[in-house]
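Student: no FASTA, just this:
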């Protein structure tokens with residue numbers, strides 16, 4: 001039990017140093033792109049560093065898409081369309097502007113992780129340009 005306590009104490013020390021020595025993070029938005037008249041989603045979100053992200057809708061295995069649109073989890077029944085008309089059969093109910101994650105290997109084979117993502121509002125019908133994107137931090141045990 002002693003080695004686990006030492007590992008935990010070292011982890012807390014490193015976490016404390018990183019917190020103290022790192023700068024502050026900001027998630028403020030500078031701009032929201034024009035609303036696409038067909039998808040009703042913003043073309044992009046831009047932060048204070050002028051980094052603009054558009055929704056990731058490519059069915060190439062690099063975008064996180066819900067089944068039945070994700071080629072890694074199922075065979076897509078139809079391609080995603082952005083030319084209309086939009087239906088549940090040809091456009092996902094949720095799309096991501098970005099998603100990032102990290103996994104940690106700890107003693108005992110456990111792999112806790114952290115995921116941060118910026119996704120579209122879940123209901124396209126109710127989206128208004130003043131709506132904020134859904135920013136979701138998730139801890140995985």
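Tutor: Received the coordinates, thanks. Given the structure is predicted, the values throughout are model-derived calculations rather than measurements.
Student: now the element after the helix or strand residue 30 falls within, going C-ward?
Tutor: In the assignment (DSSP states H and E), residue 30 maps to strand 29-32. Downstream of strand 29-32, the next assigned helix or strand under DSSP H and E is strand 45-47.
Student: which other helices and strands contact that following strand?
Tutor: Judged by 3 or more Cβ pairs under 8 Å, 6 or more residues apart in numbering; DSSP states H and E, the packing partners of strand 45-47 are strand 29-32, strand 52-53. Where C-beta positions appear, they are placed from N, C-alpha and C, glycine not excepted.
Student: can you redo the ones you listed as TSV with mean pLDDT?
Tutor: Formatted as TSV, the helices and strands packed on strand 45-47 follow (pLDDT from 0 to 100):
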stretch	mean pLDDT
strand 29-32	86
strand 52-53	91
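Student: so what strands line up beside the strand holding residue 30?
Tutor: strand 45-47 (antiparallel) (DSSP bridges).
Student: wait, residue 32 touches residue 47, no?
Tutor: No - applying Cβ atoms under 8 Å as the test, residue 32 and residue 47 come out as separate, 10.9 Å apart.
Student: can you map out the strands along this structure?
Tutor: Here the chain has its strands, by DSSP state E, at 29-32, 45-47, 52-53, 96-103, 113-119, 134-140.
Student: including distance to residue 65 and mean neighbour count, could these go into TSV?
Tutor: TSV is the format used below for those (distance: least, Cβ to Cβ, whole Å; neighbours: other Cβ atoms under 10 Å):
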stretch	distance to residue 65	mean neighbour count
strand 29-32	22	13
strand 45-47	18	17
strand 52-53	16	16
strand 96-103	8	14
strand 113-119	11	15
strand 134-140	16	11
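Student: export those strands to JSON lines and tack on distance to residue 75?
Tutor: Below are the strands of the chain laid out as JSON lines (distance: least, Cβ to Cβ, whole Å):
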{"stretch": "strand 29-32", "distance to residue 75": "34"}
{"stretch": "strand 45-47", "distance to residue 75": "31"}
{"stretch": "strand 52-53", "distance to residue 75": "28"}
{"stretch": "strand 96-103", "distance to residue 75": "21"}
{"stretch": "strand 113-119", "distance to residue 75": "24"}
{"stretch": "strand 134-140", "distance to residue 75": "27"}
